[in-house]
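Q: Next one to model:
(6 chains)
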Protein chains: 4
Amino acid sequence: MVSKKQAAKQAETRDKILKTAEHIFARDGYAGARMDEIARMATVNKAMIYYHIGNKRVLYAEVLHHIFSNAIERFQTSIHNASTPEEKLRQYLRNIIQTIGQNPGAAAILVREQATGGADFPDVIIKDMSKIIMMLVDILNQGQRQGSFRETNPFAVHMLAIGAILLTHTSYPIRRRFPVEPPEIERQKKQPIEITLKDIETLILNAVRKNG
Amino acid sequence: MVSKKQAAKQAETRDKILKTAEHIFARDGYAGARMDEIARMATVNKAMIYYHIGNKRVLYAEVLHHIFSNAIERFQTSIHNASTPEEKLRQYLRNIIQTIGQNPGAAAILVREQATGGADFPDVIIKDMSKIIMMLVDILNQGQRQGSFRETNPFAVHMLAIGAILLTHTSYPIRRRFPVEPPEIERQKKQPIEITLKDIETLILNAVRKNG
Amino acid sequence: MVSKKQAAKQAETRDKILKTAEHIFARDGYAGARMDEIARMATVNKAMIYYHIGNKRVLYAEVLHHIFSNAIERFQTSIHNASTPEEKLRQYLRNIIQTIGQNPGAAAILVREQATGGADFPDVIIKDMSKIIMMLVDILNQGQRQGSFRETNPFAVHMLAIGAILLTHTSYPIRRRFPVEPPEIERQKKQPIEITLKDIETLILNAVRKNG
Amino acid sequence: MVSKKQAAKQAETRDKILKTAEHIFARDGYAGARMDEIARMATVNKAMIYYHIGNKRVLYAEVLHHIFSNAIERFQTSIHNASTPEEKLRQYLRNIIQTIGQNPGAAAILVREQATGGADFPDVIIKDMSKIIMMLVDILNQGQRQGSFRETNPFAVHMLAIGAILLTHTSYPIRRRFPVEPPEIERQKKQPIEITLKDIETLILNAVRKNG
DNA sequence: AATGAATGAGGTTTCATTCAT
DNA sequence: TATGAATGAAACCTCATTCAT
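A: Coordinates of the predicted model:
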């Protein structure tokens, strides 16, 4: 007999834990994260993590899952609405940018995972990522057939997009430390992340389109 | 009075440690790496790491330094030989590709460090990275003035280049796990890393050139 | 919601650790003491020391604090009850003797700390020691004004008292190894610690009183 | 065939090691002392300590021996020159004071050793200390028979003398940290060690003499 | 005699996980 | 459910001692 109130509270606790865990995993990586700190920051007893979720690995998987299930869902919708391949590609890139932007910590976790060779990536997620690439393949193919896109290697385009977006996010704090000289460059250096991302979008479109 | 033999052996030991450490840090990250394993894999007594180099943090810093001082040096040379801005940019990209390709583990470490916000990055290295960007700025400016390049945001171009190259390297193991359907895509998926990188190079050139 | 039983057990664990630590620190000194042994002798998991108290330094400081706060409290009470300065001085000495006698290990720790120049002594304790000296100063002054005590240097008297008492305690095991000749001396050598202390008390009174 | 020069240099090295070791052992105690630091401070290769002297225990024993053989020798001479028991006692106390004063570090080591129960004290030294007590016994007996001294417990007198002198030396740094109030006491607190020792001498004489 | 390198045992501390209440 | 206490494995680091040159 679990009352609704209890169920709600339980869900809330679970959520608090996951959100905190995402933050810590993003900051410290899997090995660097401490169950103690996660519990403390979530104002939850350490044993409760084990009770509600499971051990460190499970918690990590859950965090990944949480990030992705949230993200991919929102992702797949808005592309069909676009008409031309160019518009679709633009939509596609904006989706990725938005998705990553809305999940603070997600970028860092993703990037780290890549570095590990993704040994900890659950298959579900791999499958989801694969779907995303296939969507890109479709868009590029369509554009090629219509004559508006060049012939390109979709994996290379994918690397370009994801790599640049992730790096832009994760390198942001470092970038501010760069010493640069001419004042005009200094201004560009300080520009907000969104502008850089917008320019990346344009560059990728230029790279793919037949002639700008 | 230290014999030459001893001095040589000492350098060798130091080197063995650093090389092994680079490998392990790349694979497991800072927190995940184990001093024990580094010592074992380097076939060196654990205490020797502390004797020759220092504690874990120092070892890590040394590894970073080793990677960068090796890399950046090789880097800055070959660009002046190129004549046209396009050729220079190509040279520039190939240099980055080569440099990262020749330092196994460097990519993973770099990428992780980004994820941390680079808190552990020594200033020297930041300065070096800055120099690399400034080189890119010069090349892009020159191309613009000559009318062969579009007007671009150099930071965005930098993110595109470094992000894509790093991701291509670090994601290589994951990529092989992608399930993809049409056999022609499957073939592309399996293509060696060098081909993807070549295609990335082309894409970036396209993105920057006025009209391909 | 912590049950009373748990709270009691917690206090008990803390106490067990502190008591054992006092013993070990007294026997082996700070550097010589082993956290392992303290844990084993206290029948407590090693990590519990860190959980309940802290690292080795903190444990040591806690032990010092424990000794002193226990001691000084009991100390300051009984002197006011005495009437004549002579009686007060006697009371004072007996208090010190008792206090040190009741804290096995305290003497050794104190003595060692002196040898270090007390670098590790918390200020609180220094202050407490200072209070004790000031009490002695008062007693001696009062006796002088009344004409029953000689004019003396209170610091010298303090050294005499504390030095002799501490040494009597700490040197007890060594003393038994002294080879002495005439049987009557041998008998004195073997006398229990309390008799020596009593005689020290008398000697100090004689040293201070105007004429025995 | 060892040349004289070599022998001299060897002795010099030995001496440097012993002197440094005395200093370090005095400061850090046996367990706290580090062979590394001793070697470094003596500007001697670590292995040389083992070559010239032996392992840590042996080094420590050697330091103790060095302190005592130097000290006790000088000690036993000058007492016979005195005529009255009172003069002899004064002579005796001054000898102890001087001996301890001239061996910086000796006091600290001695005091620590007492705290350990002197487990590491060689028998030779115990015997020497015994001789010193017997000298005191003789002086006190003589004085009693002549009617100038009270009947006293020689062990108690010995504790008084040694305890106070050692404590005065070892506690000197701590004493300066005592907060004391009336300016006249403050002045006394700051007085040099020699004055306190002189006053201790007087106090002990008063304690033993029949009527001051 | 002298040096720098090496060794191995052991010391302090941390941390994921579980237990008792 | 929730808490503080407990556990044991292992991680980092140190240090006395020895070796090779």
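Q: just checking, next helix/strand downstream of the helix or strand of chain A with the lowest mean pLDDT?
A: The weakest-scoring helix or strand in chain A, judged by mean pLDDT, DSSP states H and E, is helix A:56-77 (a mean of 82). Next in sequence after helix A:56-77, counting helices and strands by DSSP states H and E, comes helix A:85-102.
Q: what's the average pLDDT for that following helix?
A: Averaging pLDDT along helix A:85-102 yields 90.
Q: Run through the neighbouring helices and strands of that helix.
A: helix A:56-77, helix A:106-115, helix A:123-146, helix A:154-170, helix A:193-208 (3 or more Cβ pairs under 8 Å, 6 or more residues apart in numbering or on different chains; DSSP states H and E). From N, CA and C alone the C-beta is placed, and that goes for glycine too.
Q: switch the cut-off to 6 Å
A: Using 3 or more Cβ pairs under 6 Å, 6 or more residues apart in numbering or on different chains; DSSP states H and E, the elements in contact with helix A:85-102 are helix A:56-77, helix A:123-146, helix A:154-170.
Q: How about the next helix or strand after the shortest one and chain B, touching?
A: It stands for helix A:154-170. For helix A:154-170, the following helix or strand on the C-terminal side (DSSP H and E) is helix A:172-175. Yes: judged by Cβ under 6 Å from any Cβ of the partner chain, helix A:172-175 comes into contact with chain B at A:173-174.
Q: For helix A:172-175, buried residues please.
A: A:174-175 (16 or more other Cβ atoms under 10 Å in any protein chain shown).
Q: In terms of secondary structure, what does the helix ranked longest in chain A contact?
A: Ranked by residue count under DSSP state H, the longest helix found in chain A is helix A:4-32. Applying 3+ Cβ pairs under 6 Å, 6+ apart, one finds that helix A:4-32 makes contact with helix A:35-41, helix A:56-77, helix A:106-115, helix B:4-32.
Q: Of the ones you listed, which stretch is the most buried?
A: helix A:106-115 (a mean of 25; mean count of other Cβ atoms under 10 Å in any protein chain shown).
Q: gap between that one and the chain center?
A: On the basis of Cα atoms, centre = their mean, to the nearest Å, helix A:106-115 sits 8 Å off its chain's mean C-alpha point.
Q: Next one: it, is it in contact with chain B?
A: Yes: on the criterion Cβ under 6 Å from any Cβ, helix A:106-115 is in touch with chain B at A:108, A:111-112, A:114-115.
Q: Of those, which is the nearest to residue C:104?
A: The shortest approach to residue C:104 among the residues of helix A:106-115 next to chain B belongs to residue A:112, at 54.9 Å (Cβ to Cβ).
Q: From DNA strand F, how far out is the closest residue to residue A:191 other than its chain neighbours?
A: With Cβ to Cβ, 6 or more residues apart in numbering or on different chains as the measure, residue B:155 is the residue that lies nearest to residue A:191, at 7.6 Å, once sequence neighbours are left out. Counting by Cβ to the nearest atom of the strand, to the nearest Å, the gap from residue B:155 to DNA strand F is 36 Å.
Q: What count of nearby residues applies to residue B:155?
A: When neighbours are defined as other Cβ atoms under 10 Å in any protein chain shown, residue B:155 has 24 of them.
Q: likewise the one 4 residues further on?
A: Counted with other Cβ under 10 Å, the neighbours of residue B:159 add up to 26.
Q: Likewise for residue A:101?
A: Residue A:101 has 16 neighbouring residues, counting by other Cβ under 10 Å.
Q: on contacts alone, who are the packing partners of the least confident helix or strand of chain A?
A: Applying 3+ Cβ pairs under 6 Å, 6+ apart, one finds that helix A:56-77 contacts helix A:4-32, helix A:85-102, helix A:123-146.
Q: wait, what's in contact with the residue nearest the centre of chain A?
A: Chain A has residue A:100 as the residue nearest its centroid, 3.6 Å off, counting by Cα atoms, centre = their mean. By Cβ atoms under 6 Å, 6 or more residues apart in numbering or on different chains, residue A:100 lies in contact with A:107, A:165.
Q: hmm, the longest helix of chain A touching DNA strand F?
A: Yes: under the criterion of Cβ under 7 Å from any atom of the strand, DNA strand F is reached by helix A:4-32 at A:6-7, A:9-10, A:13.
Q: now check the least confident helix or strand of chain A, is it near DNA strand F?
A: No: judged by Cβ under 7 Å from any atom of the strand, helix A:56-77 stays clear of DNA strand F, getting no closer than 12.2 Å.
Q: Any residue of that helix touching DNA strand E?
A: Yes: contact of helix A:56-77 with DNA strand E (Cβ under 7 Å from any atom of the strand) involves A:56-57.
Q: Please save the CA atoms from that helix in PDB.
A: The C-alpha coordinates for helix A:56-77 follow below in PDB (Å, rounded to 0.1, in the frame of the first residue of the first chain):
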ATOM      1  CA  LYS A  56      27.700   3.300  -8.900                       C
ATOM      2  CA  ARG A  57      27.600   1.600 -12.300                       C
ATOM      3  CA  VAL A  58      23.800   1.400 -12.300                       C
ATOM      4  CA  LEU A  59      23.600   5.000 -11.200                       C
ATOM      5  CA  TYR A  60      25.900   6.000 -14.000                       C
ATOM      6  CA  ALA A  61      23.900   4.000 -16.600                       C
ATOM      7  CA  GLU A  62      20.800   5.600 -15.300                       C
ATOM      8  CA  VAL A  63      22.200   9.000 -15.700                       C
ATOM      9  CA  LEU A  64      23.200   8.300 -19.300                       C
ATOM     10  CA  HIS A  65      19.800   6.900 -20.000                       C
ATOM     11  CA  HIS A  66      18.100   9.800 -18.400                       C
ATOM     12  CA  ILE A  67      20.100  12.200 -20.600                       C
ATOM     13  CA  PHE A  68      19.500  10.300 -23.800                       C
ATOM     14  CA  SER A  69      15.900   9.300 -23.400                       C
ATOM     15  CA  ASN A  70      15.100  12.900 -22.700                       C
ATOM     16  CA  ALA A  71      17.200  14.100 -25.500                       C
ATOM     17  CA  ILE A  72      16.500  11.700 -28.400                       C
ATOM     18  CA  GLU A  73      12.800  11.900 -28.000                       C
ATOM     19  CA  ARG A  74      12.700  15.600 -28.400                       C
ATOM     20  CA  PHE A  75      15.100  15.200 -31.200                       C
ATOM     21  CA  GLN A  76      13.400  13.000 -33.800                       C
ATOM     22  CA  THR A  77      10.200  15.100 -34.100                       C
END
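Q: Give me the contacts around it.
A: A:18, A:21-22, A:25, A:30, A:53, A:95, A:99, A:103, A:106, A:122, A:125, A:128.
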